[in-house]
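A.B. asks: Have a look at this prediction, sequence included:
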Amino acid sequence: MTYQPVRFYQTGTFTVGNRLLPDEQRSVQANMRRTNSLNSGHRACQGCGEALGARYAIDAAMEATHRQLVAANATGCLEVFSTPYPETSWQIPWIHSLFGNAAAVATGIAAAMRVKGRHDVRVVAQGGDGGTTDIGFGCLSGMFERNDDVLYICYDNGGYMNTGVQRSSATPPGARTNTTMPVGDSTGARFGQGKDVPAIAMAHEIPYVATATVSELRDLEAKVRRAMEFRGARYIQILVPCPLGWGHPSADTIRMARLAGETGLFPVFEAEHGTVTHVSKIKHKLPVEEYLRRQQRFAHLFKTPQRTDIIERIQQLADRNIRRYRLLDNVERRA
């Protein structure tokens, strides 16, 4: 780990656990001089995982770059709820791009700064899974292939939530969306579709790739800081549960993110130059049913007759992740 775990924590910003640590080991949010990059007053839904993830990620990036940061933001939930014209919640240099070209816009900003000799200014691109894995995938792949000096952050909530909960290539199999309704023989989103973008990024052998969730915010901060130590293309995918699109209570956002990790459905790891360097081990392995039952997007799997065949296939996906990334001790790694 690149940070020190804290035992006394963590119900507020200025907690006893953080105050017991030296300044350099405290979380970014515990610092009264933090940027508040995404300030209060935005219009995110109650319990929005994306708002939480963006606040922690960009504040950590601002600290790591000594506040010399420019962000390019794809169209999507994050852009819509944070910048309803003529208002904005962003306290940093921030550019709104089209839905599919945030990576290209960020690349252009980085090139301009390089020409101007401003090597101290760093660039972050950010978007949801729709603008990343689907519409913006070509620009993202080009950024990886050229090894452009940009950190791309994908806030993964598993669908096009801003436009009414449609399927994206990050929607998990079996999930109901407004374009994958469980009607007739259909059981929601199909198996065998979608993109594993962290694995694709690793295949490009870019300097740094990581996954994170909003259930482990210290880990998220540490990975953003680590990403800023590299030059070249970097990619972080953050699981950000969406109460509206997933159909869970707004108070359960952190719980849902934690369950995704503890079931193995969302492996949390770091990789450098195409090689996995660290994984977050599962502390208490849980069956995927514990995760699925809490979400309305999977409710059709538990109606009579219960679709145990589909639940078992989802369990197999989780078990494959556990083997592939060695998420449990004494588990042999397999492809």
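C.D. replies: Thanks, I have it.

A.B. asks: Let me see the ranges of the strands in this structure.
C.D. replies: Per DSSP state E, the chain carries strands over the ranges 69-73, 94-96, 122-128, 151-156, 208-213, 234-239, 269-272, 275-279.

A.B. asks: Lowest mean pLDDT among the helices and strands of this protein, which one is it?
C.D. replies: In the chain, the helix or strand scored least confidently by mean pLDDT, DSSP states H and E is helix 16-19, which has a mean of 55.

A.B. asks: can you put the strands of the chain in a markdown table and add distance to Val224?
C.D. replies: Every C-beta, even on glycine, is put in place using the N, C-alpha and C of the backbone. Compiled in a markdown table, the strands of the chain are given as follows (distance: least, C-beta to C-beta, whole Å):
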| stretch | distance to Val224 |
| --- | --- |
| strand 69-73 | 11 |
| strand 94-96 | 17 |
| strand 122-128 | 9 |
| strand 151-156 | 8 |
| strand 208-213 | 8 |
| strand 234-239 | 7 |
| strand 269-272 | 12 |
| strand 275-279 | 15 |
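
A.B. asks: among these, which is nearest Lys303?
C.D. replies: With C-beta to C-beta as the measure, strand 234-239 is the member of those nearest Lys303 (26.4 Å).

A.B. asks: Contacts only, for the spatially closest residue to Ala299 that is not a sequence neighbour.
C.D. replies: Spatial nearest neighbour of Ala299, chain neighbours left out: Gly247 (7.2 Å); criterion: C-beta to C-beta, 6 or more residues apart in numbering. For Gly247, the contact set (C-beta atoms under 8 Å, 6 or more residues apart in numbering) comprises Gln295, Gln296, Arg297, Ala299.

A.B. asks: ok, now with 7 Å
C.D. replies: Gln295, Gln296, Arg297 (C-beta atoms under 7 Å, 6 or more residues apart in numbering).

A.B. asks: And for Arg43?
C.D. replies: Counting by C-beta under 7 Å, 6+ apart, Arg43 touches Phe81, Pro84.

A.B. asks: thought Gly130 was touching Arg167?
C.D. replies: No - with contacts counted by C-beta atoms under 7 Å, Gly130 stays clear of Arg167, the gap being 9.3 Å.

A.B. asks: Please identify which of these two sits among more neighbours.
C.D. replies: The residue with more neighbours, out of Gly130 and Arg167, is Gly130; 30 against 23, by other C-beta atoms under 10 Å.

A.B. asks: how far away is that one from Gly158?
C.D. replies: In this view, Gly130 and Gly158 are 10 Å apart by C-beta to C-beta, to the nearest Å.

A.B. asks: re earlier: ranking the contacts of Gly247 by neighbours, who comes first?
C.D. replies: Busiest of the contacts of Gly247 [other C-beta under 10 Å] is Arg297, holding 25 neighbours.

A.B. asks: quick revisit: what is the nearest of the contacts of Gly247 to Thr180?
C.D. replies: Nearest member of the contacts of Gly247 to Thr180, counting by C-beta to C-beta, is Arg297, at 9.3 Å.

A.B. asks: what sits against that closest one?
C.D. replies: Contact partners of Arg297, counting by C-beta under 7 Å, 6+ apart, are Ala175, Arg176, Trp246, Gly247.

A.B. asks: Dump the residues you listed to a markdown table, plus pLDDT and distance to Lys195.
C.D. replies: Shown next, in a markdown table, are those (pLDDT from 0 to 100; distance: C-beta to C-beta, whole Å):
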| residue | pLDDT | distance to Lys195 |
| --- | --- | --- |
| Ala175 | 96 | 15 |
| Arg176 | 95 | 20 |
| Trp246 | 98 | 20 |
| Gly247 | 97 | 24 |
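
A.B. asks: Which of those sits closest to Glu205?
C.D. replies: For these, the closest approach to Glu205 (C-beta to C-beta) belongs to Ala175, at 31.3 Å.
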